[in-house]
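Novice: Pasting the sequence and the predicted model now:
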Amino acid sequence: MIDIGVVGAGHWGPNLIRSFQDLPGSRVVWVIDHDRRRLDEVQGRYPGVRVGDDPVAALPDVDALVVATPATSHFALAHLALSAGKDVLIEKPMTMGIGDAEELCRLARSSGNVLMVSHLFLYARAVQWVRDYLWAGQLGSVYHLTMVRNNLGPVRDDANAAWDLAAHDISIANYWLKAVPIAVSAVGGKWINPCVEDAVFVTMRYPDDVLVNLHASWLSPRKVRDITVVGSQRMLTLDDMNLTEPVRVYDKRVLDGGERSRGVVDTFASFRASIREGDISIPRITLEEPLKTECMHFLECVVKRTEPITSGRQGTSVVRVLEAIDRSLQDEGREAVLEVERVDSPAG
């Protein structure tokens, strides 16, 4: 039995408490928060769980610490736990700076502890189905991705829309493409809070001429979680709001020179002859709760002492991209260049 401590009983923390409490092989023994009302709610639902406001008091009693607090506190809490020899699951973004992220990775390596970052969508079955489809080459060469993540609220004042929302899509793009961007350019607007961007528009250049465009905003009338992937042989869409049929594969493409007729495309008939418009297929995907899958994966890594799919290294790559986005935002959209690195292809 793995004894879990959860720091943060606010927005997302209760879901993590429920998940680890429900899973066989783990139990939540401590919940830490500064809000007494939230701690009372936890104890009302889980009478056997100890509560308090000091994570240091909990560390002797836990095998692993789950950090579900505002991002500005992630580094200090994760550093405290790793230094005490505890495994750590930390919410995204991993830290608010690349130096802190690298320090946590170094500390995890030296202590031999598991360090996992909660990039939740990588544990969604639809995202994993697309991963398998892309890695099998079914889409052909990937040309570009368009990723939209919009809603009205919740408005943040501690991090901009890139750090809060686009971090999800950066982790997905890195995962699918097995790479991190070469360069990013970004513009954004500050309308609600003068300190952080409420919406960001980001273009990322990946190796092999792959372009990824992100639009992330908490100032939009509709909740949209939509991704389009365009390849040389097919195209697909992933609508995370569609709970029954999230993925559609389009047998559409522009015919290459050997397939289409020669000559100038100056009529509707010749235009139609230059493209292929085949069937639209909807794969059967058995959906499961990504949070449950993520928590199970963390427990498996703790037991087997293996590196998670979303390890500290993957979390560090996302933070590196987010820092580059901030540089571009501050430089009025000028492209910010990143050091090229390859993201290892984790199993799963």
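Specialist: Thanks, I have the structure now. Numbers count the residues shown, from 1 in each chain.
Novice: Run a quick neighbour tally on E294.
Specialist: 24 (other CB atoms under 10 Å). Placement of C-beta: from N, CA and C, glycine included.
Novice: A81 - that's part of a helix, no?
Specialist: Yes. Assignment of A81 by DSSP: H, G, I helix; E, B strand; the rest coil places it within a helix.
Novice: mind listing what it touches?
Specialist: A81 makes contact with P55, L59, A64, L65, V67, D87, V88, according to CB atoms under 8 Å, 6 or more residues apart in numbering.
Novice: Distance to V49, pLDDT and secondary structure added to those residues, as CSV?
Specialist: As requested, those are arranged in CSV below (distance: CB to CB, whole Å; pLDDT from 0 to 100; DSSP: H, G, I helix; E, B strand; the rest coil):
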residue, distance to V49, pLDDT, secondary structure
P55, 15, 96, helix
L59, 16, 97, helix
A64, 15, 98, strand
L65, 14, 98, strand
V67, 17, 98, strand
D87, 19, 98, strand
V88, 19, 98, strand
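Novice: wait, which of those is closest to T228?
Specialist: Ranked by distance to T228 (CB to CB), the contacts of A81 are led by V67 at 33.2 Å.
Novice: Bridge partners for that closest one, pull those for me.
Specialist: When assigned by DSSP bridges, V67 has beta-bridge partners V7, I90.
Novice: need the contact list for it.
Specialist: The contact partners of V67, taken as CB under 8 Å, 6+ apart, are V7, G8, S73, H74, L77, A78, A81, V88, L89, I90, E91.
Novice: Helix, strand or coil: sort out F20 for me.
Specialist: helix.
Novice: dump the residue contacts of it.
Specialist: I4, V6, S26, R27, V28, V66, C295.
Novice: Sort out for me which of these are in strands.
Specialist: I4, V6, S26, R27, V28, V66 (DSSP state E).
Novice: still on that earlier bit, selection in ChimeraX covering whichever of the contacts of V67 are buried, please.
Specialist: In ChimeraX syntax, the buried subset of the contacts of V67 is picked out as below (16 or more other CB atoms under 10 Å):
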select :7,8,74,77,78,81,88,89,90,91
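Novice: Pick the one among the contacts of V67 closest to E103.
Specialist: Of all the contacts of V67, E103 sits closest to A78, with 9.5 Å by CB to CB.
Novice: gap between the closest one and A108?
Specialist: Distance, A78 to A108, using CB to CB, to the nearest Å: 9 Å.
Novice: who touches both of these two?
Specialist: Joint contacts of A78 and A108 (CB under 8 Å, 6+ apart) are V88, L115.
Novice: Compare the contacts of A81 and tell me which is most surrounded.
Specialist: Comparing the contacts of A81 by number of neighbours (other CB under 10 Å), V67 comes first, having 28 neighbours.
Novice: Am I right that P60 sits in a helix?
Specialist: Yes. Checked against three-state DSSP, P60 lies within a helix.
Novice: what separates it from M1, distance-wise?
Specialist: Taking CB to CB as the measure, P60 falls 16 Å from M1.
Novice: Quick check on I227: phi, psi?
Specialist: Dihedral pair for I227: phi -130, psi 140, per degrees, to the nearest 10.
Novice: Next: K223.
Specialist: With angles defined as degrees, to the nearest 10, K223 sits at phi -80, psi 120.
Novice: Now tell me what touches the helix or strand hosting L134 from outside.
Specialist: L134 belongs to helix 125-135 when elements are defined using DSSP states H and E. With contacts defined as CB under 8 Å, 6+ apart, helix 125-135 is touched by 121-122, 139, 142, 172, 175-176, 227, 229, 231, 236, 238, 240, 246-247, 249, 283, 285-288, 290, 293, 345, 348.
Novice: Now, the residues you listed that are in strands?
Specialist: In strands, defined here by DSSP E, the members of those are V142, I227, V229, G231, L236, L238, V247, V249.
Novice: The fourth one and A166, how far apart?
Specialist: In other words, G231. G231 sits 23 Å away from A166, going by CB to CB.
Novice: out of the two, which sits in the more crowded spot?
Specialist: With neighbours defined as other CB under 10 Å, G231 and A166 compare such that A166 has more, 28 against 20.
Novice: Just give the number of residues close to the closest residue to the more buried one other than its chain neighbours.
Specialist: Nearest residue to A166 in three dimensions, chain neighbours excluded: A216, at 4.0 Å (CB to CB, 6 or more residues apart in numbering). When neighbours are defined as other CB under 10 Å, A216 has 30 of them.
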